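*Asks:* sequence unknown, structure follows:
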């Protein structure tokens, strides 16, 4: 008995079936990939789905412990967190430091905790092991940046990219947060 195409099944039907299986498989992989992008690990290992916090405005300070301007970003983040304390706003610092010890941008959790202590960063820290998920998903073109998600979990405007230490970036960020809270 030979193994091959089932009896009475034309080759075109078999090709259609194979394409269908391929499309379904890719759709499943795509949904898994999207979920992985929105879920990041905290330094304590707990996972946080940043887009599932419906009803809250979410502010992501996307940076890296090794960036010189991340100290200033931590200062701005703390100021915003104090300003919106008790309001429906959640803040996270997303560390894009690599988890690969061979990378020049490597930082262990302990190294990031030292950064948190030295900058007195007052918000939870999430890890995106090389920034790929966060940078791609929220179209972040440079670090450090700020991303704001409205109460529906959608991005509220473009990312605030780059930090000029002489410019108070909290003013335009506050305007977007206030607008998102009002809607």
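*Replies:* Arrived safely. Quick caveat, the model's predicted, so the values are computed rather than measured.
*Asks:* ok, now which ones touch residue 170?
*Replies:* Residue 170 sits next to 76, 79, 80, 83 when contact means C-beta atoms under 8 Å, 6 or more residues apart in numbering. For every residue, glycine as well, the C-beta is placed using N, CA and C.
*Asks:* Most widely separated two among those?
*Replies:* Longest distance between any two of those is 10.5 Å, between 76 and 83; criterion C-beta to C-beta.
*Asks:* Looking at these two, which one has more neighbours?
*Replies:* The neighbour comparison of residue 76 against residue 83 (other C-beta atoms under 10 Å) goes to residue 76, with 20 against 13.
*Asks:* Distance from the chain centre to the host helix or strand of the more buried one, please.
*Replies:* Residue 76 belongs to helix 70-83 when elements are defined using DSSP states H and E. From the chain centre to the centre of helix 70-83 is a distance of 18 Å (C-alpha atoms, centre = their mean, to the nearest Å).
*Asks:* If you count neighbours, what's buried in it?
*Replies:* 70, 71, 72, 73, 74, 75, 76, 77, 78, 79, 80, 81 (16 or more other C-beta atoms under 10 Å).
*Asks:* how about CSV for those, with distance to residue 57 added?
*Replies:* Shown next, in CSV, are these (distance: C-beta to C-beta, whole Å):
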residue, distance to residue 57
70, 22
71, 25
72, 22
73, 18
74, 20
75, 20
76, 16
77, 14
78, 17
79, 16
80, 11
81, 12
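*Asks:* The residue nearest to the spatial centre of the chain and residue 55, how far apart?
*Replies:* Central residue of the chain (C-alpha atoms, centre = their mean): residue 134, 3.4 Å from the mean position. Distance of residue 134 to residue 55, computed by C-beta to C-beta, to the nearest Å: 22 Å.
*Asks:* Next: residue 162.
*Replies:* Where residue 55 is concerned, residue 162 sits at a distance of 30 Å (C-beta to C-beta).
*Asks:* Have a look at the two and say which one is more surrounded.
*Replies:* Neighbour comparison, residue 162 and residue 55: the larger count goes to residue 162, with 13 against 8 (by other C-beta under 10 Å).
*Asks:* looking at it, the more buried one is touching residue 145, isn't it?
*Replies:* Yes: the pair formed by residue 162 and residue 145 meets the contact definition of C-beta atoms under 8 Å, at 7.1 Å.
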